[in-house]
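> Structure of the sequence below:
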Amino acid sequence: MDNKTKNMILTGLFAALTAIGAYIVIPVGPAPITLQLLFTVMSGIFLGSRYGALSQIIYILMGLVGLPVFAGGAGGFSYIFAPSFGYVLGFVAAAFIVGKLLENDRKPGFLKIFLSCLFGTAVIYVIGYPYLYLVLTRVSGAAVTFQGLLKPAVLIFLPGDLAKITIASYTGRKMVPIIKR
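Next comes the predicted model:
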């Protein structure tokens, strides 16, 4: 199978896996805990910057046209007003960054993958947290402060996100040499 065909198949697969990850939901505060981050960073690890970001763009477009692929089975254009949509937008940047940091390394080590995923995850927070704040205060009219949202919108996710990054890094270390053959 040629490389372009393999990349397109994997791009579709990671868009689908991100959608599946949205169905594993633990509701906590304004944004739920899901498995989407795991598949987002893995798309960057396995596909590189361009195809990794493309897989997340496809995922977002599937949801915006109405397919129930967002957290808890939501879908439709109105999801842009959901507090968690900023994190979803961050998936594109995260996959791109993780992929960019790793794409020239045919056999990256665990630490390099882990740090790349950590940086990509930080970008998700940088995009998602202010978006969540703006939607809650401007759209929903909630009386919350930017600092007051730190615990329910960032800190609560950190332990699980570190576990997902660790799993993705271990899997990437084992699988990247096989996929990049």
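> which non-adjacent residue is nearest residue 109?
In this structure, residue 109 finds its nearest non-sequential neighbour in residue 173, 6.5 Å apart by CB to CB, 6 or more residues apart in numbering. C-beta here means a position set from N, CA and C on the backbone, and glycine is covered the same way.
> Centre of the chain to the helix or strand encompassing the one you found, how far?
The secondary structure element spanning residue 173 is helix 158-179 (assigned by DSSP states H and E). The gap between the average C-alpha position of helix 158-179 and the chain average comes to 13 Å, counting by CA atoms, centre = their mean, to the nearest Å.
> tell me what it is packed against?
Counting by 3 or more CB pairs under 8 Å, 6 or more residues apart in numbering; DSSP states H and E, the packing neighbours recorded for helix 158-179 are helix 36-64, helix 110-134.
> And those: which comes nearest residue 91?
Ranking the helices and strands packed on helix 158-179 by their distance to residue 91 (criterion: CB to CB) puts helix 36-64 first, at 4.3 Å.
> quick one: that closest one to chain centroid distance?
Average the C-alpha atoms of helix 36-64, do the same for its chain, and the two points are 7 Å apart (CA atoms, centre = their mean).
> same thing with stretch 166-181?
Computed by CA atoms, centre = their mean, the separation of stretch 166-181 from the middle of its chain amounts to 17 Å.
> swap in stretch 59-77?
For stretch 59-77, the gap between its own C-alpha mean and the chain's C-alpha mean amounts to 14 Å (CA atoms, centre = their mean).
> buried stuff in it?
Applying a neighbour-count criterion of 16 or more other CB atoms under 10 Å, the buried positions in stretch 59-77 are 59-60, 62-64, 69-71, 75.
> Equivalent analysis for stretch 21-32, please.
Neighbour-count burial for stretch 21-32 flags 21-22, 30-32 (criterion: 16+ other CB under 10 Å).
> Stretch 47-63 now?
Residues of stretch 47-63 classed as buried: 47-49, 51-60, 62-63 (neighbour count, 16+ other CB under 10 Å).
> ditto for stretch 106-121
Neighbour-count burial for stretch 106-121 flags 108, 112-117, 120-121 (criterion: 16+ other CB under 10 Å).
> so which helix or strand takes in residue 105?
Take DSSP H and E as the rule and residue 105 turns out to sit in neither a helix nor a strand.
> which one is residue 113 nearest to, not counting chain neighbours?
Once its chain neighbours are removed from consideration, residue 113 has its nearest residue in residue 169; the separation is 4.2 Å (CB to CB, 6+ apart).
> Report pLDDT for the residue nearest to residue 68 when sequence neighbours are not counted.
Nearest residue to residue 68 in three dimensions, chain neighbours excluded: residue 75, at 4.3 Å (CB to CB, 6+ apart). Residue-level confidence at residue 75 comes out at 97, pLDDT.
> Understood, closing this out.
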